[in-house]
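> take a look and give me a structure for this.
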Amino acid sequence: MTANTSTQDAIYGFEMFRHETRIQIIEELSPSDIPMDRAALADELPEEPSISTQSASSPEQALHHLHLPVLEKTGVITYDTETGQITSFDQDRLSTLIDTTQDLLQSLETDEPKDY
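Below you'll find the model as predicted:
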């Protein structure tokens, strides 16, 4: 993975946390569970409506086409689309994204309300 700026890391953090299913995936994963099969992960996650299937035919397909690729793009997991396996989970990367996102949010806070 190429080096990311703190702004890019914050964008990845927002992308990761903007969907409840991705948060649930992160809560479910641990290094001791890796490798993890996509079907096994789908079984561990809560039933609808939390898992967005959008145009996918099942929660497992939503993981495959939507959520796991986003998490892989952030560098938090490595996902093998051919085998359907999550092959790595990088807790340090996750911590970096959380910290960077929190730092950005804190930098946007102001003590004085703005007049619009």
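> and the pLDDT for D111?
Confidence per residue is given as pLDDT, and for D111 that number is 57.
> next one: the one 3 residues further on
Confidence per residue is given as pLDDT, and for K114 that number is 59.
> what comes up buried for the helix or strand where M16 lies?
Using DSSP states H and E, M16 sits in helix 6-17. Of the residues in helix 6-17, those buried under the neighbour-count criterion (16 or more other Cβ atoms under 10 Å) are 9-13, 15-16. For every residue, glycine as well, the C-beta is placed using N, CA and C.
> what does stretch 77-96 give?
By 16+ other Cβ under 10 Å, the buried positions in stretch 77-96 come out as 77-79, 84-86, 88-90, 93-94, 96.
> would TSV of the residues you listed with secondary structure, pLDDT and distance to E60 be doable?
Shown next, in TSV, are the buried residues of stretch 77-96 (DSSP: H, G, I helix; E, B strand; the rest coil; pLDDT from 0 to 100; distance: Cβ to Cβ, whole Å):
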residue	secondary structure	pLDDT	distance to E60
I77	strand	97	16
T78	strand	97	18
Y79	strand	97	13
G84	coil	96	8
Q85	strand	97	13
I86	strand	98	13
S88	strand	97	20
F89	strand	97	19
D90	coil	96	23
R93	helix	96	24
L94	helix	96	23
T96	helix	94	29
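> tell me the one of those residues nearest S32?
Using Cβ to Cβ, F89 is the member of these that lies nearest S32, at 9.5 Å.
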